[in-house]
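Enquirer: A structural model of the following input is requested.
(chains A and B)
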Amino acid sequence: MNFAALAIALPFLAAALLGLVGAPRQGAIGNAVASALLFGLTLSVFWGHSAGLVAVDPLAALFGTVSGFVGLTASLVNIGYVTADAARMPDQRWRLYHALFQIALGASLLGLYADNIGLLWAAMEGGTIAMTLGVSLYRTPTGLEAAWKYFILGGVGIGLALFGTMLVYLAAQPALGPGFSAMSFRALSAHAAHMDGALLTLAFVFILFGYGTKAALVPLHGWLPDAYAEGPAPLTTALSGLLINVALLAILRFRHLLAANPEAMRPGPFLLSLGLASLFLAAFSFSRRRDARRFFGFSSIEQSGISAFAFGIGGPAAIFGGLLHMLLHTLLKSGLFLALIRAASLRGSASPGNYTFSHLRGLLQANKYVAWLLGACIFALTGLPPSGLFASEFIIISQTIQRNPYMSLPLGLGLLLCAVAILRNVGPLLFAPAPYEKPQPAGRGIWLVAVHLALVFLLAFAMPGPLVHLLSRAAETLR
Amino acid sequence: MSLTFSLAHFMGGIILLCAFLQLSQRRLAAMITLYQTEALVLSAAAFWQGYAQGELNLYLTGLITFTLKAVLLPWGLREIVRRFNMVRAVETALPMAMAMILGLALIGVAVLVLLPVTMGTLSLTREDLAIALSVVLLGLLLMILRRNALAQIIGFLSMENGLVLAAIGMPGMPFVAEFSVALLVLLAFLVVGAFLFRIREHFDTLDLSGLEKIERRGR
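Expert: Numbering: from 1, shown residues only, chains lettered A, B, ... in the order given. Predicted coordinates:
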């Protein structure tokens, strides 16, 4: 049975339903039920078989499952968020919010599962529209400004990606002829060697800058910190990492076409320079960020840059490292944001504008569980052991030393700078003296953060055999 | 075959000319008229390609382009201009002459990049693609040079016309109609977004119930 098509259809159906009826709290519960069903479907994709436009390879199935899991936990924490915040927006807008939540999930699944470069593009566009509407949901001036930035940058990125998509189709003409097969990733990578090399290089430049905008690689990252900071937290922060994954995987797949074509330019230098630029920009932007969500937005830029760097180094092991890094970072970052939402609601409200570090400091007094979990997530983000990210970063660095030794120095320096900048925030956030407050209950759903953290640790240091096999097979075919 | 070539190139040329002329316009109304002309010619080009390639899909693209982009969108844009009285509201970041020189340079870049690369493909696609890339780059330039939200949108719309022009010239490409619909949805949201943006600038508020303290936090 084609579970993948079902998994794509379910969120869109749920979006239609949630968009039309229900009070905020009912909507949140419905949203959680739909997300739970969706998680089940994304798991079953491993056993279903699929063909045609939606043909899932194991790598896509794995990332789909992670997306389903993140959607489920975010929707569970979302219930508390909506209940506390219900009075801030009219019911209609909450319905739109829940519809957007599902559309964002559906678009990222479509982008992962589609075996067609046109469908992939349509998914990225749908995701962009959902996220922009999400960012402007509170209708604050800063929110509208952030949404405008997202519109313009995202729109240009989408446009460039479409031009690149058409050029790939044109480059495939000598090998595959007109029709659907010239747009399928499977057919394209099977015939990559016979495609028009020069045209393919040009197409890759457009694709890199188009999807690079969505992956927030450096010259094109401007929208991300604002979008993270201004929208409703469960939608624009916890879920937006999923679309970044779709964009990075798309870049990886197109990179493979280039690498497999003898006439095309090597994709490595492009990706290496964009990756390093992202890493260093993030490292120097961490200081003087007062809003925690904006701060962790820059950290997403950093992590996205690290994965792009790994893809630029090339070779199965480095790509394995990059994919592992994407997986772990998605789990870790969404867990971190869930903890952050709880932390902000301990201090009154979790709506935008309540996430400044000065507002949150001294969390240990408010609730020790939330504080320790948040602290652990932030520490894990630095990539120091025993964090899971240590494993993937170790693979990437050792591969860099082996394949491109000169690049290992800037990579190490960038990672170190980022780690120091992130670590500086843990102390004040947890231990700083704050005016006396009564300790509050942690709230339901905080254990989900612990699950995220445990998964990151397990996947990095005790990854089950079948998963290692799956990832290394995928890295081997995409090298 | 020669008529196919010359008509397709002629229409591509008009679209490029419209995109280029938008750089030199100071008034929004003139930019909208140019955009409308561009969309009109684009729909004619889609019909012509549909006839030349024998593709039913392209007729659909032409129909969508005509009704939505050549009729409805310009009407909506004019309505926004009229409601907010921004007839002469276009500020530019660079002098016009400078903008036009930059535009010319971009057209040169597009031709120099695309023509050598596409030696192997059909010559109809080749030259159409060079024109389309020029239109895309000119749209991007327009977006950079204008400070006004609506003018930026017109730049974006023009860029999108370039993309559709490239898509209809691709031999037998599936999904062309779907692409143009998907892009249109994005455009519609852009226009609505600009509308909200203007309202906020105009009345300084939109719907800020329950939000007394608005400040720039933690940039």
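Enquirer: Might you report the residue contacts of the nearest residue to residue A:314 once chain neighbours are set aside?
Expert: Using CB to CB, 6 or more residues apart in numbering or on different chains and skipping the chain neighbours, the partner closest in space to residue A:314 is residue A:268 (5.6 Å). All C-beta atoms are positioned from the backbone trio N, CA, C, and that covers glycine. Residues near residue A:268 by CB atoms under 8 Å, 6 or more residues apart in numbering or on different chains: A:312, A:313, A:314, A:404.
Enquirer: Columns pLDDT and neighbour count on top of those, output as CSV?
Expert: Below are these laid out as CSV (pLDDT from 0 to 100; neighbours: other CB atoms under 10 Å in any protein chain shown):
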residue, pLDDT, neighbour count
A:312, 93, 24
A:313, 92, 25
A:314, 86, 23
A:404, 89, 17
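Enquirer: Can you add secondary structure and give these back as JSON lines?
Expert: As requested, the contacts of residue A:268 are arranged in JSON lines below (DSSP: H, G, I helix; E, B strand; the rest coil):
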{"residue": "A:312", "secondary structure": "helix"}
{"residue": "A:313", "secondary structure": "helix"}
{"residue": "A:314", "secondary structure": "coil"}
{"residue": "A:404", "secondary structure": "coil"}
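Enquirer: mind checking how far the residue nearest to residue A:314 is from residue A:188?
Expert: 20 Å (CB to CB, to the nearest Å).
Enquirer: One more: residue A:50?
Expert: On the measure of CB to CB, residue A:50 and residue A:188 end up 18 Å apart.
Enquirer: out of the contacts of residue A:268, who's nearest residue B:104?
Expert: Nearest to residue B:104 out of the contacts of residue A:268 is residue A:312 (CB to CB; 34.8 Å).
Enquirer: so what pLDDT did the residue nearest to residue A:314 get?
Expert: Residue A:268 is assigned 87 on the pLDDT scale.
Enquirer: how near is it to residue B:189?
Expert: In terms of CB to CB, residue A:268 sits 37 Å off from residue B:189.
Enquirer: In space, what's closest to residue A:470 - neighbours in sequence excluded?
Expert: residue A:58 (4.9 Å).
Enquirer: Count residues in the vicinity of residue A:161, would you?
Expert: Residue A:161: 27 surrounding residues under other CB atoms under 10 Å in any protein chain shown.
Enquirer: residues in contact with it?
Expert: The contact partners of residue A:161, taken as CB under 8 Å, 6+ apart, are A:121, A:124, A:206, A:207, A:210, A:211, A:213, A:214.
Enquirer: run the last query once more with 7 Å
Expert: Shown in contact with residue A:161 (CB atoms under 7 Å, 6 or more residues apart in numbering or on different chains): A:121, A:124, A:206, A:207, A:210, A:211.
Enquirer: among these, which two are most distant?
Expert: A:124 and A:206 (13.6 Å).
Enquirer: the more surrounded of these two?
Expert: Each of residue A:124 and residue A:206 has its neighbours counted (other CB under 10 Å); residue A:124 has more, 26 against 22.
Enquirer: ok, stretch A:108-128 near chain B or not?
Expert: Yes - on the criterion CB under 7 Å from any CB of the partner chain, stretch A:108-128 is in touch with chain B at A:118, A:122, A:125.
Enquirer: measure that stretch end to end?
Expert: 10 Å (CA to CA, to the nearest Å).
Enquirer: Output the below-cut-off pLDDT ranges for chain A.
Expert: Scanning chain A for pLDDT under 70 picks out A:1.
Enquirer: Flag every residue of it that's near chain B.
Expert: Residues of chain A lying near chain B (CB under 7 Å from any CB): A:88, A:118, A:122, A:125, A:129, A:139-142, A:144, A:147-148, A:151-152, A:155-156, A:158-159, A:162-163, A:166, A:169-170, A:173-174, A:178-180, A:183, A:196, A:198-199, A:202, A:289-291, A:294, A:353, A:356.
Enquirer: Just give me the residue right at the centre of chain B.
Expert: residue B:158 (1.2 Å; CA atoms, centre = their mean).
Enquirer: in the stretch 1-150 of chain A, what residue is nearest chain B?
Expert: In the stretch 1-150 of chain A, the residue that lies nearest chain B is residue A:118 (4.3 Å; CB to the nearest CB).
Enquirer: got the contact list for that residue?
Expert: Contacts of residue A:118 by CB under 7 Å, 6+ apart are A:165, A:183, B:174, B:175, B:179.
Enquirer: and those as CSV, adding secondary structure?
Expert: As requested, the contacts of residue A:118 are exported to CSV (three-state DSSP):
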residue, secondary structure
A:165, helix
A:183, helix
B:174, coil
B:175, coil
B:179, helix
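Enquirer: Go through those residues and name the one nearest residue B:53.
Expert: So of the contacts of residue A:118, ranked by how close each gets to residue B:53 (CB to CB), first place is residue B:174, at 12.6 Å.
Enquirer: residues contacting the closest one?
Expert: Going by CB under 7 Å, 6+ apart, the list of residues near residue B:174 reads A:118, A:179, A:180, A:183.
Enquirer: May I see the ChimeraX selection of the buried members of those?
Expert: Of these, the buried ones can be selected in ChimeraX as follows, counting by 16 or more other CB atoms under 10 Å in any protein chain shown:
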select /A:118,180,183
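Enquirer: Check the contacts of residue B:174 and tell me the two furthest apart.
Expert: The two members of these with the most space between them (CB to CB) are A:118 and A:179, at 12.1 Å.
Enquirer: Residue A:172 and residue B:110, how far apart?
Expert: 22 Å.
Enquirer: again, but for residue A:457
Expert: 51 Å.
Enquirer: who has more neighbours, those two?
Expert: Using other CB under 10 Å, the more surrounded residue of residue A:457 and residue B:110 is residue B:110, with 22 against 18.
Enquirer: wait, what's in contact with that one?
Expert: B:130, B:133, B:134, B:137.
Enquirer: got the contact list for the last one?
Expert: If a contact means CB under 7 Å, 6+ apart, then residue B:137 has B:106, B:110 as its contacts.
Enquirer: Next, the buried residues of the strand or helix carrying it.
Expert: Assigned by DSSP states H and E, residue B:137 belongs to helix B:123-145. For helix B:123-145, burial by neighbour count (16+ other CB under 10 Å) applies to B:124-143, B:145.
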